[in-house]
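Enquirer: any chance you can model this:
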Amino acid sequence: MRVMPAAPSREPSARRAWSIRRVGPSLPGWTSWGGARSLAARTWSGHRLFVVVTIPAVLLRVDAELGYRWQAWFNDSFQYVQNTVHFKLDPARVSGYSIWLKILEPFHSYALVTILQHLMGLAVAVMVYALARHRYRAPAWLATLATVPVLYDGFEIQLEHLILSDVPLLFLLVLATTMLLWNPAGPSLRTCVIVGLLLGIADCFRAVGLPLLAVFAVFMIIRRVSWPKVAAAIVVCLIPVAAYAGLFDLEYGQFAMSDATGVFLYSRVMTFAECSKMHVPDDELALCTTVPPDKRPIAQAYIWAPASPLETFSPSKFTAVPNELAENFAVRAIEAQPLGYAKAVFDDTWRVFGWKRVIFPNAATYDEYIFGYRSVPVPAWDDTTGKYGSYAADYVHGNPLTKVVAPFATIIRGYQRYVWLPGTVYGLILLLGAGGIVLDWRRLGGDALLPWTISFALIFIPAATAEFDYRYVLPAVPFACLAAVMAFSQGTAGGRLVRRLAGRRRGGGAAAAAVSSVSGSVPSRESRSVSVPGGISGGAGQPSAPAVGSGDDQGDLTADGT
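Expert: Alright, predicted model coming up:
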């Protein structure tokens, strides 16, 4: 007995919904305005939920710009701007962000800087949504949900408004991830070259970028990307890194990205290191302290506090010799007290997942992560004898202080107080993605392994090399959300588990309805369903409706073209 095949589903699949092609006629009257309207109409038709969710997020960023004109200051911000004005590489941190500010300096506008950073934050949400929909066929509501933290977290919006390198770093990493995973057939050689270049530029914004090159390279090898493509990504990534190190060598006489890696690692170990348990050479004895570990200050105090042993070196702790001695000392401490180091790293990593934000590392620093009632003042060390009195003022040729304007400032300040992603929720998202990766162990975690590893690395590396900071957590969140969606997408073990559970639930509901419908009457012999060859059952020789769930499966397969 032949059965007519079901008609193809007219519901658009995620991939079909994402596809936005130009269908307008190529006629002289077809203006760019008409094309824009057509594109907007198709975007609204296929992605209206995401558009609706994004509009309030855009308005919140507009409110932040109008309420805090035109930037917010963090203590590191002034150093970035100072290095920009007299264009000097910073020995304590990589200066890619200062180079970016130098490119924008002719406009003499902090508004331009922060508006671009707000647009980067929105672009991150668009890329997460696009990748989830196009590549992994996630439903619109789930792909949109994955973007909610980056769109609506009040601290994320404030981070975008700060003169800091974190948002450009996030944008570059998400762009590299999106390009690498976009094509189901795998990345092309040109794509791998661009990904490598993005990672190299990201490393010039923050030193955490270079370890992430290893994450990308290992993932490409696991996913069986050809060796020439992997090699191309690595080589191209090292080009901007080598160029920056060459400039640093010309300025400081050392081929490196900074003179601070050893200093920061020294601060990490000084929360537990005891020289009595180590073999310390004479030239490193000045780095020891007699203060018991349980009475010592936080790690960063050993970098910035005047009483730090590093202050005994002149002219600066951020030079080649102190940096090398501090690094050697830190390595000895880790080798002599591995459990102490492991505990320090675990404690700072665990701090990420707290439900509430606590004042850390101190009240002054914590307040700079909040939209305040007044501008952060320009520090005394930023003064210059030039025309404008400070480097911050020199950059804009005017007043650099933030102008707090009501009622816009009141709105975004109150919003940030109540709307943000608790660390515990981030931890649950990370755990969900890890569960999906474990389920997909036959494919070594699948594609979700890349964003999940990036997310964990962004919170683990600072804890292992320096210290926890709240602003290091925010760039890690979008990757965790993306990994959770990918780990349970179609074609993965997690996705198949979800479909089976959903099928059982639908099947159980259908069975209960069937029992309820027959409980009041006894069917006659003629009305009983009989089995018909070909897998179709019917009553009195008539085919019945397909089994519950089969239509969904068939529709999905038809819509996806598989």
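
Enquirer: how far away is L142 from W70?
Expert: To W70, L142 is 36 Å away according to CB to CB, to the nearest Å. Heads up, the C-betas are built off the backbone N, CA and C, glycines and all.

Enquirer: should've said C275
Expert: Distance from C275 to W70, by CB to CB: 49 Å.

Enquirer: in this structure D249 contacts F255, no?
Expert: Yes: using CB atoms under 8 Å, D249 is in contact with F255, at 4.4 Å.

Enquirer: okay, and the common contacts of these two?
Expert: Between them, D249 and F255 share no contacting residue under CB atoms under 8 Å, 6 or more residues apart in numbering.

Enquirer: what about the strands in the stretch 451-562 of the chain?
Expert: 529-532, 536-539, 542-543 (DSSP state E, counting those that start in this stretch).

Enquirer: the stretch 1-150 of the chain now?
Expert: Using DSSP E, counting those that start in this stretch, strands in the stretch 1-150 of the chain cover 68-69.

Enquirer: just for it, where's the confidence low?
Expert: Residues of the stretch 1-150 of the chain that meet the criterion pLDDT under 70 lie in 1-32.

Enquirer: go on, the chain?
Expert: Using pLDDT under 70, the chain drops low at 1-32, 385, 507-562.

Enquirer: need the single longest helix in it, by residues.
Expert: The single longest helix within the chain, with elements called by DSSP state H, is helix 32-67.

Enquirer: which helices and strands does that helix pack with?
Expert: helix 14-18, helix 110-130, helix 140-152, helix 154-161, helix 408-418 (3 or more CB pairs under 8 Å, 6 or more residues apart in numbering; DSSP states H and E).

Enquirer: what is the next helix or strand along the chain from the fourth one packed up against?
Expert: In the C-terminal direction, the helix or strand that comes right after helix 154-161 (DSSP states H and E) is helix 166-181. Counting by 3+ CB pairs under 8 Å, 6+ apart, the packing neighbours recorded for helix 166-181 are helix 110-130, helix 154-161, helix 189-205, helix 209-222, helix 449-465, helix 477-487.

Enquirer: nearest to G386, of those helices?
Expert: helix 110-130 (18.0 Å; CB to CB).

Enquirer: okay, buried residues for stretch 447-457 please.
Expert: D447, A448, L449, L450, P451, W452, T453, I454, S455, F456, A457 (16 or more other CB atoms under 10 Å).

Enquirer: ignoring the adjacent residues along the chain, who's closest to the third one?
Expert: With CB to CB, 6 or more residues apart in numbering as the measure, I437 is the residue that lies nearest to L449, at 5.8 Å, once sequence neighbours are left out.

Enquirer: elements contacting the helix or strand harbouring the one you found?
Expert: Using DSSP H and E, I437 sits within helix 423-439. The helices and strands touching helix 423-439, judged by 3+ CB pairs under 8 Å, 6+ apart, are helix 449-465, helix 477-487, helix 493-518.

Enquirer: in JSON lines: those helices, plus distance to L198.
Expert: Converted to JSON lines, those look like this (distance: least, CB to CB, whole Å):
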{"stretch": "helix 449-465", "distance to L198": "13"}
{"stretch": "helix 477-487", "distance to L198": "15"}
{"stretch": "helix 493-518", "distance to L198": "28"}
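
Enquirer: of all those, which one comes closest to V150?
Expert: helix 477-487 (4.8 Å).

Enquirer: could you tell me the angle between the closest one and helix 140-152?
Expert: Orientation of helix 477-487 against helix 140-152 (axes from the mean of the first three to the mean of the last three CA atoms, to 10 degrees) gives an angle of 170 degrees.

Enquirer: which residues are in contact with A64?
Expert: H118, I157, Q158, E160, H161, F371, F408, I412.

Enquirer: would you check which pair of those lies furthest apart?
Expert: Longest span within these, CB to CB: E160 and F408, 15.6 Å.

Enquirer: and for Y366, the neighbour number?
Expert: Neighbour count for Y366, taken as other CB atoms under 10 Å: 14.

Enquirer: cool, and T492?
Expert: T492 has 22 neighbouring residues, counting by other CB under 10 Å.

Enquirer: what do you get for L285?
Expert: 11.

Enquirer: thinking again about what came up before, the helices and strands packed on helix 166-181: which one's closest to W350?
Expert: Among the helices and strands packed on helix 166-181, helix 449-465 sits nearest to W350 (CB to CB), with 8.9 Å.
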